[in-house]
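**Student:** give me a 3D structure for the following:
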Amino acid sequence: MIVQTIIGNVKKQQVDTEKLEWIELDWEELNKRILRKHTDKGREIAISLNDDTHLHFGDIVYQDDTAVIAVRTKLEPAYVITPKSLKEMGKVSWELGNRHTPCLVSETEIVVRFDETLEAIFEKVQVAYEKTERRFETPFKYKGHHHH
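**Tutor:** Residues are numbered from 1 along each chain as shown. Model (predicted):
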């Protein structure tokens with residue numbers, strides 16, 4: 001089966017969970033336009049999207065009377081950093097930025113993909129962190145930069 005469009009999102013519409021099949025992607029694959037995968041129920045699917053389209057967590061790529069096929073990301077190892085002060089936030093953010101480490105920042109935490117070399121930074125800054133697993137809903141954005 002080849003699909004070429006995104007027809008909805010499971011977060012924005014009701015879906016019969018009995019019919020739901022997931023295509024599990026690495027977060028990097030959310031940026032890819034052409035993929036060949038199997039759903040969690042074994043159905044083979046090829047995705048070929050337009051140049052300006054990319055996948056998001058929950059995107060529905062196929063739907064009929066018997067099945068709804070949607071995208072989700074795989075559980076991946078990650079660090080969840082919880083600064084206790086603005087000073088800790090600034091220090092750990094500077095260290096992560098200096099390494100060009102992509103991160104997701106919310107009101108209460110910073111989440112980065114697992115990289116054991118980061119633990120030395122967390123210890124140096126003395127910021128609380130834990131190693132866990134997350135499903136990243138959007139791909140990390142890498143910003144190109146060169147030191148001169």
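**Student:** may I have the phi/psi pair for residue 87?
**Tutor:** Here is the backbone geometry of residue 87 (degrees, to the nearest 10): phi -60, psi -50.
**Student:** how close does it get to residue 107?
**Tutor:** Going from residue 87 to residue 107 by C-beta to C-beta, to the nearest Å gives 17 Å. All C-beta atoms are positioned from the backbone trio N, CA, C, and that covers glycine.
**Student:** do residue 19 as well
**Tutor:** Residue 19 sits 36 Å away from residue 107, going by C-beta to C-beta.
**Student:** ok, the two, which is more surrounded?
**Tutor:** More crowded of residue 19 and residue 107, by other C-beta atoms under 10 Å: residue 19, with 13 against 4.
**Student:** per-residue pLDDT, residue 28?
**Tutor:** pLDDT for residue 28: 80.
**Student:** again with residue 40
**Tutor:** So, for residue 40, pLDDT stands at 95.
**Student:** what's near enough to touch it?
**Tutor:** Neighbour list for residue 40: 21-24 [criterion: C-beta atoms under 8 Å, 6 or more residues apart in numbering].
**Student:** format these as CSV; extra columns: neighbour count and pLDDT.
**Tutor:** Listed next are the contacts of residue 40 as CSV, based on neighbours: other C-beta atoms under 10 Å; pLDDT from 0 to 100:
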residue, neighbour count, pLDDT
21, 16, 96
22, 18, 96
23, 23, 96
24, 15, 95
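**Student:** restricted to strands, list these.
**Tutor:** Mapping the contacts of residue 40 onto strands (DSSP state E) picks out 21-24.
**Student:** care to break the chain down by domain?
**Tutor:** 2-73, 75-135 (automatic domain parsing).
**Student:** start to end distance for the shortest one?
**Tutor:** The one in question is domain 75-135. 5 Å (C-alpha to C-alpha, to the nearest Å).
**Student:** chain center to that domain: distance?
**Tutor:** 16 Å (C-alpha atoms, centre = their mean, to the nearest Å).
**Student:** repeat for the longest one
**Tutor:** Put simply, domain 2-73 sits 14 Å off its chain's centre (C-alpha atoms, centre = their mean).
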